[in-house]
Each structure stands twice: as C-alpha cells, then as structure tokens.
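1. here you go, sequence then predicted model.
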Amino acid sequence: MQKKLYFGSNLKMYKNIHDTVEYLQNLVEYTRDLSRDEIELFIIPSYTTLESAAKHVDRTYVKIGAQNMCWEDEGQFTGEISPLMLKEIGIDLVMIGHSERRHVFGETDIEENKKVKAALNHGFTTLLCIGETAEEKNYGISPEVLRTQLKIGFHDIPVSQIPNIWVAYEPVWSIGVNGTPATADYAEEMHKVIKQTLLDIFGDAGADIPVLYGGSVNPGNASELIVQPSVDGLFTGRAAWQADKFDKLIRDAKTAFESK
Ligand SMILES: O=C(CO)COP(=O)(O)O
C-alpha cells in the first residue's frame, strides 16, 4: 500500500481568529477531494484562534494543533497553557520543541522531553521538532545534535505511544525569511540519521514514526524533497499561508510522492 503523505503548516504568530478560520475552511474546501487515507493534513495556528478553529473547521479533513504546551496539568505556571486546557477545546495535535521555542525562548531538550511525555499521556498526536544550528552544522556535528535531541526528547517513552508520535526535521538555518532551504541530498542524509536513531530508541517499531522535513519548503523545492526515500512529509511556514497556494503545493508534492 502507498504510504501516507504528511503535510502541514505552522502559522506561527500570524493571522487573527477570523483569518485563521477562513483560511482553514478554504483549505478544507480546496482539498476535500483528496483521500484522507492518502494524506494527513495539519495546521498549527496561534493559541487564541484554537477554540474557534476547533469549532468551525471539519477536522476529518485537517488536524488542528497547538504550537506549544506546558508539561503540568495545572499550577503556578503563569503564561503557560496546560494539556487539560487544550483537551477542553478538542485539539488534536501538539507541536513540541519548534526551533523558535528552543532558540528564541531557550527551551531545553529536558523540557521538551517533559512536554512530549505530557502530550502523549494526554493522547495528543505529538510532533517533536528537531534541528541543528548553522554553527553546529559547520562543526560537522549535525548527526550528533539530532541524535541527542531525539534521545533526550523521547527518553522514557514506551513503544506503545508510537502511533501518536511524529518528528519534524527543521534545521535552524533553513527556517524563516533569512533561512536557506536544505538541499534534497542533505535533508535525505539527515533523515536517514533520524530514522536510524528512532530504531535505536524504539526498536523496529521506530520505523513507523513519520519524519517530515521543514525549513523554507516552497513550490521550487517541495517535489524534490518529498521524493527522497526517507522524507515522509513536509512541514512548511510561509509557503502555506494562503489556502489556494497551499492547495497547489500539496497537489504537486502528492504527485511527486506517488511517483517514488
Ligand atoms: O518553521 C517552519 C515550520 O514550523 C518553517 O517555516 P518556513 O517554511 O517559513 O521557513
């Protein structure tokens, strides 16, 4: 059977409630004909839009995720959002350890591990983001960095949780307006390291975890990235923020994906 293509977008700190709901509804309409047995679409909008998005968007077509989450259910954690709060509004997925959380807000691998555990224990699909900085790449230690992020991030996670685990490889130097996209060859090389590490951590079952590439994915590089043997999906920012453009990107990537 053809494997499923994973494709999603992180809306970061953009779009108000109205624009997010309209974007999601348009995306559902544009992509309604695509079989959800063949594609898993997900969008991760800002916190303040989540309740409206969850209410007004048909989530059989698109999973909705949160951009971050606290590891505690409740307590003296001013400014944090608890897993119970996300459960209350019916969120499907939680993203943990996005590069901007790690590098702008100083989150550590040990914190990501606590969040991954909490997200999985509450039954969320859990997307752990990993990636090396430009400096680490220049020192030639990208594989070591990725292995460390995975081994700490998934420390003490039972194999039974694998159906809810996704990984996104997002090299820090490739993300955002100042980013340079990874070449398809480089992405493939790192995805191989990631897949091997998932086998080391979880045994054979680790092979079932989808590994997505993110970082300046655009209409010019999506197809060559998705045809790489170890790339199971794409995770994009800017290139997906208009529903019609994202629909086209999805269809082009899907055609390429099916040819591999
Ligand atoms: O951060 C990203 C997805 O989480 C990628 O963002 P860009 O596609 O805008 O580089």
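-> Nice, thanks for sending it over.
2. near the ligand, which residues of the stretch 1-150 of the chain are found?
-> Residues of the stretch 1-150 of the chain that fall close to the ligand, judged by C-beta under 6 Å from any ligand atom: 10, 98. Quick note: C-beta positions are derived from backbone N, CA and C, even for glycine.
3. in the stretch 1-150 of the chain, where is pLDDT below threshold?
-> 1-2 (pLDDT under 70).
4. all strands for it, in order.
-> Here the stretch 1-150 of the chain has its strands, by DSSP state E, counting those that start in this stretch, at 5-10, 39-44, 63-66, 93-96, 125-130.
5. what is the second one packed up against?
-> Secondary structure elements in contact with strand 39-44, counted by 3 or more C-beta pairs under 8 Å, 6 or more residues apart in numbering; DSSP states H and E, are strand 5-10, helix 17-31, strand 63-66, strand 93-96, helix 243-258.
6. in that strand, what counts as buried?
-> For strand 39-44, burial by neighbour count (16 or more other C-beta atoms under 10 Å) applies to 39, 40, 41, 42, 43, 44.
7. ok, now how distant is the last one from residue 241?
-> Residue 44 is 12 Å from residue 241, where distance means C-beta to C-beta, to the nearest Å.
8. what touches both of those two?
-> When contacts are counted by C-beta atoms under 8 Å, 6 or more residues apart in numbering, the set common to residue 44 and residue 241 consists of 9, 11.
9. would CSV of the strands of the stretch 1-150 of the chain with distance to residue 188 be doable?
-> CSV is the format used below for the strands of the stretch 1-150 of the chain (distance: least, C-beta to C-beta, whole Å):
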stretch, distance to residue 188
strand 5-10, 16
strand 39-44, 21
strand 63-66, 26
strand 93-96, 23
strand 125-130, 16
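10. that older thread, could you dump the helices and strands packed on strand 39-44 into a markdown table with mean neighbour count added?
-> A markdown table is the format used below for the helices and strands packed on strand 39-44 (neighbours: other C-beta atoms under 10 Å):
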| stretch | mean neighbour count |
| --- | --- |
| strand 5-10 | 25 |
| helix 17-31 | 18 |
| strand 63-66 | 22 |
| strand 93-96 | 26 |
| helix 243-258 | 18 |
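11. and the buried residues of strand 39-44 as JSON lines, adding distance to residue 169?
-> Formatted as JSON lines, the buried residues of strand 39-44 follow (distance: C-beta to C-beta, whole Å):
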{"residue": "39", "distance to residue 169": "19"}
{"residue": "40", "distance to residue 169": "17"}
{"residue": "41", "distance to residue 169": "19"}
{"residue": "42", "distance to residue 169": "16"}
{"residue": "43", "distance to residue 169": "19"}
{"residue": "44", "distance to residue 169": "16"}
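12. and which of the residues you listed is nearest to the ligand?
-> Among those, residue 44 lies closest to the ligand (C-beta to the nearest ligand atom), at 7.6 Å.
13. can you tell me how far the closest one is from residue 180?
-> Using C-beta to C-beta, we find residue 44 at a distance of 23 Å from residue 180.
14. could you do residue 131 as well?
-> Separation of residue 131 from residue 180 (C-beta to C-beta) stands at 13 Å.
15. of these two, which one has the most company?
-> residue 131 (28 against 12; other C-beta atoms under 10 Å).
16. wait, isn't that one in contact with residue 171?
-> Yes. Taking contacts as C-beta atoms under 8 Å, residue 131 lies within contact range of residue 171: 4.5 Å.
17. please identify which pair of the buried residues of strand 39-44 lies farthest apart.
-> Greatest spacing in those, by C-beta to C-beta: 39 and 44 (16.5 Å).
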